[in-house]
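J.: my questions are about this predicted structure, shown below with the sequence.
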Amino acid sequence: MSDKSSLPAGWTGAAPDADALFAMAEAALATMPAVFLPHIQGVVIAIEEFADDEVLKSLDIEHPYDLTGLYEGRPLTERSVSESGGMPDRVTLYRVPILVEWIETGEKLEWLVRHVLIHEIGHHFGFSDDDMHALEDMA
């Protein structure tokens, strides 16, 4: 029989829920360099279990486990000063695919949530996936 004291603090035996992932995303946002903060005010962060079929089809993704995050909005590089109104930009993190990647890679969950969040916020700034991969390779 295992000793409960050897379990991580706060471990409930269940996978982290949406609230836990949201808290990790908020903590990741708090670590963003100050120069970015004014530009991400108002970006809505949401946690969903999976992307729906419509989203997957629009991105030509076959399996819901293959999408860990999504940016919806208009990148800052495509906006006009005269624009106003409209829906706020939104970053959605997909809980189950993130947990699957966490299990498969062995990365720290907080790091993985931060990585997905920053990747999606990169789209808010107008970076393409190729741009972000190049930046990651340089880092």
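T.: Nice, I can see it.
J.: okay, now the unreliable bits of the protein?
T.: 1-13, 77, 79-86, 135-139 (pLDDT under 70).
J.: where exactly do the strands run in it?
T.: Taking DSSP state E as the test, the strands found in the chain are 44-48, 69-72, 90-94.
J.: quick one: closest of these to Leu29.
T.: Across the strands of the chain, Leu29 has its closest neighbour in strand 44-48 (7.3 Å, C-beta to C-beta). No exception for glycine: its C-beta is placed from N, CA and C like everyone else's.
J.: for Glu72, give its distance to Asp17.
T.: Distance, Glu72 to Asp17, using C-beta to C-beta, to the nearest Å: 23 Å.
J.: between these two, tell me which one has more neighbours.
T.: Glu72 (16 against 12; other C-beta atoms under 10 Å).
J.: distance between stretch 61-70 and the chain's centre?
T.: 12 Å (C-alpha atoms, centre = their mean, to the nearest Å).
J.: what residues of that stretch count as buried?
T.: 64-65, 67-70 (16 or more other C-beta atoms under 10 Å).
J.: start to end distance for it?
T.: End-to-end distance for stretch 61-70: 12 Å, by C-alpha to C-alpha, to the nearest Å.
J.: for the most centrally placed residue in the chain, give me its contacts.
T.: By C-alpha atoms, centre = their mean, the mean C-alpha position of the chain lies nearest to Leu117, the distance being 2.9 Å. The contact partners of Leu117, by C-beta atoms under 8 Å, 6 or more residues apart in numbering, come to 25, 28-29, 45, 69, 91, 93.
J.: can you put the residues you listed in a markdown table and add distance to Val113?
T.: What follows is the contacts of Leu117, written out as a markdown table (distance: C-beta to C-beta, whole Å):
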| residue | distance to Val113 |
| --- | --- |
| Ala25 | 6 |
| Ala28 | 6 |
| Leu29 | 11 |
| Ile45 | 10 |
| Gly69 | 9 |
| Val91 | 11 |
| Leu93 | 7 |
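J.: if we can go back for a sec, so which of the strands of the chain is nearest Asp129?
T.: It's strand 69-72; of the strands of the chain, that one is closest to Asp129 (C-beta to C-beta) at 10.8 Å.
J.: which residues touch that closest one?
T.: By C-beta under 8 Å, 6+ apart, strand 69-72 touches 51, 55, 59, 89-94, 98, 116-117, 119-121, 123-124.
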